[in-house]
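Engineer: What would the 3D arrangement of this be:
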Amino acid sequence: TLNLGENSLEGTVEIRTLTNMETLVLDGLNNGGLIDVQEQILPMTKLKNLSLKRVDTYRPFLDELSTLKNLEFLDLEDTELDGSIATSFSTLSSLRMLSVKRNFLSGSISTESFGPLTNLEFLDLSDNSFSGNLPIFPSNITALRINANDFSGPVDWLYLNSTTIQIEIDCGGPLEENCS
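Structural biologist: Okay, here's the model as predicted:
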């Protein structure tokens, strides 16, 4: 485990040689050249837990994460990601927790985006600009946060009537059903 988060370190940190690392936390780390996220993290193929909250990343990194096949926990909250997520995460079959909260992600989400993630239990897509109909998420999810987006269309009441899932959505607005 390596936690460099919430620091104001100077110089270059070489972590790519830590190929047996399973947990890496860089939350709030000023990433102004200190760590090249792509070059330093992608070689760490045994990573199971990766948290980059409030670390500036850039779009191509999202697609390249598919090389980290052992990831179980991925937190990309507030990392200034933009664009769509398409199927960026669909190959991360070990993933149990994913947060892309508070970014600039947009576009519709297809069932294929998360359908293959049969181990996914917690998914936080809140505070982005996703739009379109709500996709069908994997049935094993126990916490789903999709509030503060631009989803529209009918709500699948299977989710809302489930006793095993905690859901946060914005009711009213563009959704056709009143969730009160």
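Engineer: and residue 130, that one's in a strand?
Structural biologist: Yes - judged by DSSP: H, G, I helix; E, B strand; the rest coil, residue 130 forms part of a strand.
Engineer: nearest residue to it other than its sequence neighbours?
Structural biologist: residue 149 (4.3 Å; Cβ to Cβ, 6 or more residues apart in numbering). Heads up, the C-betas are built off the backbone N, CA and C, glycines and all.
Engineer: Which pLDDT value goes with that neighbour?
Structural biologist: Looking at residue 149, its pLDDT is 91.
Engineer: show me what contacts it?
Structural biologist: Residue 149 sits next to 125, 126, 127, 128, 129, 130, 131, 170 when contact means Cβ atoms under 8 Å, 6 or more residues apart in numbering.
Engineer: Can you flag the buried ones in those?
Structural biologist: In these, burial by neighbour count holds for 125, 126, 127, 128, 130, counting by 16 or more other Cβ atoms under 10 Å.
Engineer: What sits closest to the first one if chain neighbours are left out?
Structural biologist: Across the structure, with Cβ to Cβ, 6+ apart as the measure, the residue nearest residue 125 apart from its sequence neighbours is residue 146 (5.1 Å).
Engineer: was I right about the one you found contacting residue 129?
Structural biologist: No - look at residue 146 against residue 129 with Cβ atoms under 8 Å: they stay out of range, at 12.0 Å.
Engineer: Now residue 15, what are its backbone angles?
Structural biologist: phi -120, psi -10 (degrees, to the nearest 10).
Engineer: now it, nearest residue through space, not along the chain?
Structural biologist: residue 40 (5.0 Å).
Engineer: Was I right to think that neighbour contacts residue 18?
Structural biologist: No - counting by Cβ under 8 Å, residue 40 sits too far from residue 18 to count as a contact (9.1 Å).
Engineer: which SS class is residue 61?
Structural biologist: Residue 61 - assigned by three-state DSSP - is helix.
Engineer: if I look at it, how far off is residue 74?
Structural biologist: Applying Cβ to Cβ, to the nearest Å, the value for residue 61 to residue 74 is 12 Å.
Engineer: Settle it for me: which of those two has more neighbours?
Structural biologist: For residue 61 versus residue 74, neighbours defined as other Cβ atoms under 10 Å are more numerous around residue 74 (21 against 17).
Engineer: mind checking which helix or strand that one is in?
Structural biologist: Residue 74 belongs to strand 73-75 when assigned by DSSP states H and E.
Engineer: Could you point out which residue ranges in the protein have low pLDDT?
Structural biologist: For the chain, the stretches with pLDDT under 70 are 30-35, 37, 56-60, 86, 155-180.
Engineer: Helices of that one, residue ranges please.
Structural biologist: 37-41, 59-64, 111-114, 157-160 (DSSP state H).
Engineer: Pull the number of nearby residues for residue 14.
Structural biologist: Residue 14: 11 surrounding residues under other Cβ under 10 Å.
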